[in-house]
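>>> My questions are about this predicted structure, shown below with the sequence.
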Amino acid sequence: MRELKLMKGNEAVAEAAIRCGVDGYFGYPITPQSEIMETLMDLRPWESTGMVVLQAESEIASINMVYGGAGCGKRVMTTSSSPGVSLMQEGLTYLAGAELPCVVVNVVRGGPGLGTIQPAQSDYFQTVKGGGHGDYKLITLAPASVQEMADFVEDAFNLAFKYRNPVMILSDGVIGQMMEKVELKEFAPRWTMDYIEENHPWATTGKKKERAKNIITSVQLEASVQEAFNHKLQAKYRAVEENEVLFEEVLCDDAEYIIVAYGSSARICQKSIEIAREKGIKVGMLRPITLYPFPAEQLRKRAEQVKGMLSVEMSAGQMVEDVKLAVECKIPVEHFGRFGGSVHSPGEVVEALEQKLIGG
Amino acid sequence: MSDINTIIKPENLTYKRTEVLSDNDLSYCPGCGHGTVHKLIAEVIEEMDIQDTTIGIAPVGCSVLAYNYLEIDWQQAAHGRAPALATAVKRLMPEKNVFSYQGDGDLAAIGTAETIHACNRGENIVMIFINNGIYGMTGGQMAPTTLPGMPASTCPAGRDVSHDGEPIKISEILAQLPGTCYVTRQSVHTAANVRKTKKALRKAFENQKANKGTSLVEVVSNCNSGWKMTPVKSNEWMEENMFPYYPLGDIKNK
């Protein structure tokens, strides 16, 4: 039975987490995503599904609670916004180094520093280029609707456990705060301990007589061992790049120009495309759904066909670098975006397209 | 004289090494207290028959590789974060036994927030705290617990309290929190003290079984390498200098 609800993006994350059988949520309040933990505390899932919800003393504690829970093979998550996610970077590199599956949601706000509570997309570099130390990657999903905020929770857990890797849902203050109709999934049961022990034999569930002890760690004191481990990680990332790229194309087939945009920028640019086409400009949009792995191959293909690309993001220009790398200088690639908490209008995007690529 | 093999019979054995301890060579310096505490934890786990339900959380510091020495499931934490890991492990699997094993830099400096808030929530876990007044693994730097006047590589003229403050008595602070049920300070430098520490550890794990809240067992220990003394001299120095500042015994027993 279809269950439809009008919800904020943040509320949808909470509702979806309970419904897909998440075992634990650990968080710390920060605007503009506090409704996630507030919704969970209101819904009291510990009385229904048995899900643990705990308000930690800091984002540092939250992400390390996630590490502890993930190490037990449990489905655990945290959510935060930019300054809080900066505090989590230590934990994220440890999670990646210990190959632990978990889900982190970043409802991005403007920075740097304490910045503003208004929406932004300026944490792209931090998310897809590392953020913490060492050679690691976060699989990154970028929702562009409240429906995707809900759906990506379960998708993210599936990817996290498939690759034993942390997954980031990189959202923003627009998607977190706006209300849309959402189709909610039915309640799925949480994993039993037997299921975890059978399917995740690496988890620290207590050492049984018949198996060796399980150790969750990211320390390899021998350089040769660390290097071999890093090769293993890199092989995993190549498999992720091979198999998990997701993107959506809008009116690209006859396009002479392509807007590349994700998240709320992609929603805005849908209107920009309409405006531009009314003016006779043949423009389409490629929306990366996974920011890592990045849809570089598809962009490269489209570069054969179009005259230029415009990367539209609420940042001073971050994803534009990946677009440029993808098209290998075959065509001009420009950036446009308002940032620091300001949001571009559809008309401003069309103007930028005309000025920067078409020539006025 | 009778053949030794005729004496080695199960009925004649009065002591054996617990199988919860692994065969790995310890990475600790000869004379250090870590090995003794490891053995005591292993014995308590064996005696309580909880090897298959115990999860240890290892810190950053000399005992970062503690997971090599006890045959239980382990997680190794980022520096100072062990109580946060332990919190989640216990909350998600309340039927398991969970302990953190941390040094003074880990528990009382970088991890102070995680330590205090885990205790304040009364997390139903055991925290084992080795206090040797110095950063051992990184080469003998000043710790939050370094005694006034005590030299370390980052205070070669001795800790100047007008510059660095007094050493922190974290166990006394934690005992103030309603969430802790048992806070005790012990040592392992004599046979009598080893027995007392084992009793304290047993009590801490029993408290967890009884859902009583957080139990903290501090073990004041020597660091003969970091203190630049022989093991024997370091234990004498510990008695003369550490114990007056960090007096042994129960601080809280609820």
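The structure has been received and is ready for your questions.
>>> does the closest residue to B:N193 other than its chain neighbours have beta-bridge partners, and which?
Leaving aside its sequence neighbours, B:N193 sits nearest to B:S187 (CB to CB, 6 or more residues apart in numbering or on different chains; 4.6 Å). To be clear about C-beta, it is placed using only N, CA and C from the backbone, and glycine gets the same treatment. Beta bridges link B:S187 to B:V220 when assigned by DSSP bridges.
>>> Can you give me every residue that contacts B:S187?
Listed by CB atoms under 8 Å, 6 or more residues apart in numbering or on different chains, the contact set of B:S187 reads B:G33, B:N193, B:T197, B:V219, B:V220, B:S221, B:M238, B:F243, B:L248.
>>> quick one: it from B:A109, how far?
21 Å (CB to CB, to the nearest Å).
>>> And the pLDDT at the residue nearest to B:K90 when sequence neighbours are not counted?
Spatial nearest neighbour of B:K90, excluding adjacent residues (CB to CB, 6+ apart): B:V98 at 4.4 Å. pLDDT for B:V98: 98.
>>> which parts of chain B sit against chain A?
B:51-55, B:57-58, B:64-65, B:67, B:71-78, B:81, B:84-89, B:91-93, B:96, B:113-114, B:117 (CB under 8 Å from any CB of the partner chain).
>>> Now list the buried members of those residues.
Neighbour-count burial (16 or more other CB atoms under 10 Å in any protein chain shown) applied to these gives B:51, B:53-55, B:57-58, B:64-65, B:67, B:71-78, B:81, B:84-89, B:91-93, B:96, B:113-114, B:117.
>>> Give me the subset of those residues lying in strands.
Under the assignment DSSP state E, these contribute B:T54, B:I55, B:I57, B:A58, B:D73, B:W74, B:Q75, B:Q76 to strands.
>>> For these, give me JSON lines that also has pLDDT.
Output for those, formatted as JSON lines (pLDDT from 0 to 100):
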{"residue": "B:T54", "pLDDT": "98"}
{"residue": "B:I55", "pLDDT": "98"}
{"residue": "B:I57", "pLDDT": "98"}
{"residue": "B:A58", "pLDDT": "97"}
{"residue": "B:D73", "pLDDT": "98"}
{"residue": "B:W74", "pLDDT": "98"}
{"residue": "B:Q75", "pLDDT": "98"}
{"residue": "B:Q76", "pLDDT": "98"}
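>>> farthest-separated two in these?
Distances among these were taken as CB to CB; the most separated pair is B:T54 and B:Q76, at 15.5 Å.
>>> ok, back up a step: name only those of the contacts of B:S187 that count as buried.
Judged by 16+ other CB under 10 Å, buried ones among those: B:G33, B:N193, B:T197, B:V219, B:V220, B:S221, B:M238, B:L248.
>>> which element is the second one on?
Translated: B:N193. helix B:191-209 (DSSP states H and E).
>>> which parts of that helix are buried?
Residues B:193-194, B:196-198, B:200-205, B:207-208 are the ones in helix B:191-209 that count as buried (16+ other CB under 10 Å).
>>> Following element in sequence after the one helix or strand A:S272 maps to, please.
If you go by DSSP H and E, A:S272 is part of helix A:263-278. Beyond helix A:263-278 on the C-terminal side, the first helix or strand identified by DSSP H and E is strand A:283-288.
>>> quick one: strands adjacent to that next one?
strand A:247-250 (antiparallel), strand A:257-260 (parallel).
>>> Just name the most buried of the ones you listed.
Burial of those is given as mean neighbour count (mean count of other CB atoms under 10 Å in any protein chain shown); strand A:257-260 ranks first at a mean of 28.
>>> can you list the residues that contact that one?
By CB under 8 Å, 6+ apart, strand A:257-260 touches A:252, A:269, A:272-273, A:281-288, A:299, A:302, A:306-312, A:319, A:323, A:349, A:353, A:357-358.
>>> Of those residues, grab the buried ones for ChimeraX.
Of the contacts of strand A:257-260, the buried ones go into a single ChimeraX selection, burial set by 16+ other CB under 10 Å:
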select /A:252,269,272,273,281,282,283,284,285,286,287,288,299,302,306,308,309,310,311,312,319,323,349,353,357,358
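>>> what is the mean pLDDT for the helix or strand where A:Q147 lies?
Using DSSP H and E, A:Q147 sits in helix A:146-163. Mean per-residue pLDDT for helix A:146-163: 98.
>>> Stretch A:56-63: how far from the chain's middle?
Centroid displacement of stretch A:56-63 relative to its chain, using CA atoms, centre = their mean, to the nearest Å, is 19 Å.
>>> And stretch A:120-130, by the same measure?
Put simply, stretch A:120-130 sits 10 Å off its chain's centre (CA atoms, centre = their mean).
>>> Pull up the distance across it, start to finish.
Its first and final residues considered, stretch A:120-130 spans 19 Å by CA to CA, to the nearest Å.
>>> Same check on stretch B:23-40?
16 Å.
>>> which residues sit in contact with the residue in the stretch 251-360 of chain A that chain B sits nearest to?
Across the stretch 251-360 of chain A, the shortest distance to chain B (CB to the nearest CB) belongs to A:Y292, at 22.8 Å. Going by CB under 8 Å, 6+ apart, A:Y292 touches A:T127, A:V128, A:K137, A:L138, A:I139, A:T140, A:V240.
>>> of all the residues you listed, which comes closest to chain B?
For the contacts of A:Y292, the minimum distance to chain B (CB to the nearest CB) is 16.7 Å, reached by A:L138.
>>> Is that closest one in contact with A:V167, as I believe?
Yes. In this structure, A:L138 is within contact of A:V167 by CB atoms under 8 Å, at 6.7 Å.
>>> Between those two, which contacts overlap?
Counting by CB under 8 Å, 6+ apart, the contacts common to A:L138 and A:V167 are A:V104.
>>> got the residues of the stretch 1-150 of chain A near chain B?
Contacts of the stretch 1-150 of chain A with chain B, taken as CB under 8 Å from any CB, map to A:23-24, A:26, A:52, A:54, A:56-58, A:60-62, A:64-69, A:71-72, A:74, A:76, A:90-91, A:94, A:98.
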